[in-house]
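> below are the sequence and a predicted model; questions follow.
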Amino acid sequence: QVQLQESGPGQVKTSETLSLICTVSGGSISIYRWSWIRQPAGKGLEWVGRIESSGNTHYNPSLNGRASMSVDTSNNHFSLRLTSVTASDTAVYYCGRGMFPGVTAMDVWGKGTTVIVSS
Amino acid sequence: DIVMTQTPPSLSVTPGQPASISCKSSQSLLHSDGRTYFYWYLQKPGQRPDLLIYEVSNRFSGVPDRFSGTGSGTDFTLKISRVEAEDVGVYYCLQSHSLPLTFGGGTKMEIK
């Protein structure tokens, strides 16, 4: 049974770069699509972007080009980088697996990791 | 972007009674491949979202049969036939017809 685990620093300074890793266990990172989703405290869900095992990516335009994702098939993990962060990037960040090959909607999610942006 | 509008924003239900949540999309979610990329999730307090329904009406593995999804095109509904205490939380709809994926604003359900 596939499981996802997010990891990264819990705090990032304003204007710096947020870096997170999602480690996939119990299954291969190949053939699926992998997403990042975030949720500010007390608010709704926002899809950040996705990456395929081939490395193809798509990002939410709301992030204004600040997001980038990469995949490491050898170590079965993928990552998110978000540059020039501000307080509005403070959120719980989840990673998720696309339900079927070729589908982006997520069936398995990690437990989430909290990121606080402060000066 | 496709806008997903959920109603009501909150509801309070007596255990054993039915409940219904609506989600409307700003454009049809019927894809040219014949599938409709619409999903329902439940986020219980302090937890990650869990998939309930995929592609409008298919219950995900382990989801009780008191949950059902219906709809087509732009109008979708999640129904709970008999609400239980464990159903409390925030329900979200999601479309993956077009990028970026977009979620509804959520419906917070509490138990009376």
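Thanks, I have the structure now.
> measure stretch A:2-11 end to end?
In stretch A:2-11, first residue to last residue: 28 Å (CA to CA, to the nearest Å).
> report the buried residues of that stretch.
Residues A:Leu4, A:Glu6, A:Gly8 are the ones in stretch A:2-11 that count as buried (16 or more other CB atoms under 10 Å in any protein chain shown). Backbone N, C-alpha and C define where each C-beta goes, glycine included.
> sort those residues by pLDDT and name the bottom one.
Confidence by pLDDT is poorest for A:Gly8 among the buried residues of stretch A:2-11, given 95.
> do I have it right that it meets A:Thr113?
Yes. A:Gly8 is in contact with A:Thr113 according to CB atoms under 8 Å; the separation is 5.9 Å.
> overlap in contacts of these two?
When contacts are counted by CB atoms under 8 Å, 6 or more residues apart in numbering or on different chains, A:Gly8 and A:Thr113 have A:Leu20, A:Tyr93 as shared neighbours.
> using the three-state scheme, assign B:Glu86.
Look at B:Glu86: counting by DSSP: H, G, I helix; E, B strand; the rest coil, its state is helix.
> how many neighbours does it have?
The number of residues packed near B:Glu86 is 10, by other CB atoms under 10 Å in any protein chain shown.
> now it, nearest residue through space, not along the chain?
For B:Glu86, ignoring the flanking residues on the chain, the nearest one in space by CB to CB, 6 or more residues apart in numbering or on different chains is B:Lys44 at 7.9 Å.
> any idea how far that neighbour is from chain A?
Using CB to the nearest CB, to the nearest Å, B:Lys44 is found at 12 Å from chain A.
> which ones are touching that residue?
With CB under 8 Å, 6+ apart, B:Lys44 has these contacts: B:Asp50, B:Glu86, B:Val88, B:Gly89.
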